[in-house]
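# sequence? don't have it. structure:
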């Protein structure tokens, strides 16, 4: 029999537990339990009143029986009676029984609530603690209705003891998580923030958890917590371990509180107060410095605590994305973990660097670790770490390293874990398309991808390569030759047969002049694969054969014999049989001209969002507001273009020129493109129907999606109190030198942008994210151009769903054409109903003239020769301004490139100067511009000269906030030359 501790007094409970443990079988245990239940039931129903000790003992036995898995249907009233006891042990057992066994629908809930209220009003800290623990453990909606108004008062009361404050904060947190609508925001919210200054760190830790959760839903209510959190964090990270002895964990001062404070700060943008911002920067630098110090202990607990604070600090640095030095230091620190012996640290380092790779300030620093990441891909034993390495390679890829990264991912694909092969295939396909400068490399990559992992190449991948080959004249011959050679392998994957059949059917004539790839050889090669393929692929090959009849009349008889065979005309599959009959009849009765018309080469496909990218997004999960955070992190390969593939709209040419990007921004979508035949009726076109369709031009006079009233009319007076009009100038200016990010955010709505520009055309994706759990109704975003802006800028918008579910996002596409130079920006007006209240807000769309700036390379001699030619005062603008921040050369270069100009290195005789050149492309004209920045470090000033030629005025937005990612406005105006 186990020993009973002195003072316990529940000897009967110890005996019962011992008996249960000594039972030899399940039957013996049930028999002993039934005997005990009968005894307890008789005691509760007996005439003799039980004292507190007996009730406690029997209730404990019932609780133990319940925990063994047996149902308990009595004893609840006796447990409730224990709540009124003044003895701690009896009250404790009563609350424990209620927390475990009583549900929210119990008839005793009113009695329980009364007992809890009495204990909360008793001001006895022990009893208050028990009551608060019970409320949190039950956490039902009924508990929230009864006590959500009382607990905040206890939390902020001046005479509440520290232990009770801790329990109250965590109890309120539990109720808010289960029933947020029942926790009222009131005067207590401003007072609870000041708990961050409490002397008791336990209270601060609990309050920080509560404030962090509340601030995520109500950021405005708790924005004053930022300065207090920074102050408290500063005191922790600058203190010695002996200063916080009770809260020091293996020589790390208050690690849990530090992590919670850093998470709280991630709910807000960087502090606007320079003093608070500077103090926070010092804290983060201190944390990074401490990470470099030798460990004070060899215990794993020390390194875990130290690294937990470090990684949370890095998360905050990434979230703010405003301090280039901190971002680069964080990247270097994570780089040290990439080869750490601890697997978890390697995983976390790779995961964090994926996010760092999206920042314009740290992208280059991340790229320096490419060899280490590639090595991890080859040598890591843990598949999850290898997957993070793949993600990081995908994130750090740009035009400078695309071929190396794609090659390494293809090599890894041959031995990759089956669970991640499909995702790797999608990423390789996206990177090959996005960064393809030489499209022969793109074709080779996709065919190699099919060869290595054909089973994991989805239809979207091979559909996409066919679409691009058809849309590009310069790659069609090479694609036909390459796919013909690939089909000669003894074993070809069926996807390769599909690609080969389609491309040879369209462009086989381009290689037919070579005796090694004569028409008959092409046909025999394809037909040798016919019987090994599935029905849809056979249907495609039959379509290829009838295309051959038109391309190669000399093999018409051979093809007709195949179509006439019983295996085709009497095929069990109705689709194959119908095609064979119709194609045979067509080849027999149709004249050469009719055949040439019916079977002419496929016209270019209308460009839409890459279906491969859409599939990758779908694989990662449905679109939610968190996707907007990814947009915030995303970075284009060059800072003024190269975004994700999407829909386009132009009007001039039907075939993209070799200088266009993969999507051919100059390509016009054709509305009469005939789909190629297949077993599903449409081989290529239908598959893109799930993607964003091409944006249709607005009907004349339509004002549903595009309006041009006076700007004052966009500030609609709301029927009820609602959000005001937001210019968001600071965020707007950030987009001068970048194309992707968050344009606007408040507690209800987040607006993210992704855009790309090429010459005088552009395309912008606007993402509207509902941050609440309530639907937005009558959601109507409208792009507004002033009367002066309309002639210069053509905008076409696609309507969005008028209902936006809670936690979801909708996407709107805006196609842009710059007709002539302009100075204003369009206004995006958004109106919707939230919870019955009419909301109305307006923000500037960051469509500025420099978006149509194309970089131009020039030699030093050409630059200064041209510079001297542009000597007319009307062709030059000079602006001298004082720098607001210390000047950083790398940031200045990044801003010039992001602005759209080419950065001309070693052109100016003064190495401290910065020189740029580019051309503004509009529909009506092209405007050449030269730019010189001449810093005066002694005077902390900058002289900016811009020279150019323009038929009208050219408005240039320059930047003067050196050392910061934001751009302030310094306007320069080029006056037109009268003689041009």
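Sure thing, it's come through. Note that this is a predicted model, so its numbers are computed, not measured.

# Do a quick rundown of the strands in the stretch 251-400 of the chain.
Assigned by DSSP state E, counting those that start in this stretch, the strands in the stretch 251-400 of the chain fall at 252-253.

# In it, what residue spans correspond to helices?
Remark: helices assigned in the stretch 251-400 of the chain by DSSP state H, counting those that start in this stretch are 255-265, 274-292, 300-320, 324-337, 343-356, 363-367, 370-379, 383-396.

# and residue 111, what does it touch?
The contact partners of residue 111, by Cβ atoms under 8 Å, 6 or more residues apart in numbering, come to residue 80. For glycine as for every other residue, the C-beta is placed from the backbone atoms N, C-alpha and C.

# quick one: it from residue 72, how far?
Separation of residue 111 from residue 72 (Cβ to Cβ, to the nearest Å) stands at 18 Å.

# Tell me which of the helices of the stretch 251-400 of the chain sits most buried.
helix 255-265 (a mean of 23; mean count of other Cβ atoms under 10 Å).

# and it, what other elements does it pack with?
helix 201-217, helix 225-237, helix 300-320 (3 or more Cβ pairs under 8 Å, 6 or more residues apart in numbering; DSSP states H and E).

# Turn these into TSV, including distance to residue 18 and mean pLDDT.
Converted to TSV, the helices and strands packed on helix 255-265 look like this (distance: least, Cβ to Cβ, whole Å; pLDDT from 0 to 100):
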stretch	distance to residue 18	mean pLDDT
helix 201-217	38	92
helix 225-237	49	92
helix 300-320	37	92
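
# can you redo the ones you listed as TSV with distance to residue 798?
Shown next, in TSV, are the helices and strands packed on helix 255-265 (distance: least, Cβ to Cβ, whole Å):
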stretch	distance to residue 798
helix 201-217	31
helix 225-237	38
helix 300-320	31
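
# Quick check: which of those helices is nearest to residue 779?
Taking Cβ to Cβ, helix 201-217 is the member of the helices and strands packed on helix 255-265 nearest to residue 779, at 20.4 Å.

# which parts of stretch 861-880 are buried?
863, 864, 866, 867, 870, 875, 876, 877, 879 (16 or more other Cβ atoms under 10 Å).

# Ok, stretch 160-176 next?
For stretch 160-176, a neighbour-count test (16+ other Cβ under 10 Å) marks 160-161, 163-176 as buried.

# Tell me which two of the residues you listed sit farthest apart.
Farthest-apart pair in the buried residues of stretch 160-176 is 161 and 176; separation 22.4 Å (Cβ to Cβ).

# Where does pLDDT dip in the stretch 251-400 of the chain?
The model of the stretch 251-400 of the chain has no residue with pLDDT under 70.

# at 90 what do you get?
Within the stretch 251-400 of the chain, the ranges that satisfy pLDDT under 90 run 251-252, 272, 290-298, 320-324, 339-341, 355-364, 376-383, 387, 398-400.

# just checking, residue 546 touches residue 585?
No. Counting by Cβ atoms under 8 Å, residue 546 does not reach residue 585; the two are 10.6 Å apart.

# which of these two has more neighbours?
residue 546 (22 against 11; other Cβ atoms under 10 Å).

# Pretty sure the more buried one sits in a strand.
No. Using DSSP: H, G, I helix; E, B strand; the rest coil, the assignment for residue 546 is helix, not a strand.

# residues in contact with it?
559, 583, 586, 587, 599.

# Look up how far residue 435 lies from the closest residue to the last one other than its chain neighbours.
Closest residue in space to residue 599, ignoring its immediate chain neighbours: residue 550 at 3.9 Å, by Cβ to Cβ, 6 or more residues apart in numbering. Distance of residue 550 to residue 435, computed by Cβ to Cβ: 36 Å.

# which regions of the stretch 101-250 of the chain sit below the pLDDT cut-off?
In the stretch 101-250 of the chain, residues with pLDDT under 90: 101-114, 122-123, 138-150, 155-160, 178-192, 197-199, 216-223, 237-250.

# Which stretches in it count as strands?
248-249.

# Next: the stretch 751-900 of the chain.
Using DSSP E, counting those that start in this stretch, strands in the stretch 751-900 of the chain cover 761-770, 776-784, 793-797, 809-818, 827-834, 837-844, 853-855, 876-882.

# If residue 763 is in a bridge, with which residues?
residue 756, residue 815 (DSSP bridges).

# I'd say it and residue 756 touch.
Yes. Residue 763 lies in contact with residue 756 (Cβ under 8 Å); the separation is 5.8 Å.

# thought the residue nearest to residue 599 was touching residue 594?
No. The criterion here is Cβ under 8 Å, and residue 550 misses it with residue 594 at 9.9 Å.

# More neighbours: those two, which one.
Neighbour totals were compared for residue 550 and residue 594, and residue 550 leads with 22 against 12 (other Cβ under 10 Å).

# And that one, which helix or strand is it part of?
If you go by DSSP states H and E, residue 550 is part of helix 535-551.

# Quick one: distance of that helix to the chain centre.
42 Å (Cα atoms, centre = their mean, to the nearest Å).

# coming back round to it: closest to residue 137 among the buried residues of stretch 160-176?
residue 174 (8.3 Å).

# got the contact list for that closest one?
For residue 174, the contact set (Cβ under 8 Å, 6+ apart) comprises 135, 136, 139.

# what about residue 28, distance to residue 344?
Residue 28 is 46 Å from residue 344, by Cβ to Cβ.

# Provide the contact partners of the helix or strand hosting residue 597 at residue level.
Residue 597 is part of helix 592-598, with elements assigned from DSSP H and E. Outside helix 592-598, the residues that touch it by Cβ under 8 Å, 6+ apart are 549, 550, 553, 586, 587, 590.

# Let me know the pLDDT of the residue nearest to residue 599.
Looking at residue 550, its pLDDT reads 89.

# And it, how close does it get to residue 587?
Where residue 587 is concerned, residue 550 sits at a distance of 9 Å (Cβ to Cβ).

# returning to what we had before: take the contacts of residue 174 and keep only those in helices.
Within these, residues falling in helices by DSSP state H are 135, 136.

# and the contacts of residue 174, which are buried?
Using 16+ other Cβ under 10 Å, the buried members of the contacts of residue 174 are 135, 136, 139.

# so which of these would you say is closest to residue 900?
Residue 900 lies nearest to residue 139 out of the buried ones among the contacts of residue 174, by Cβ to Cβ, at 55.3 Å.

# Thanks a lot, see you next time.
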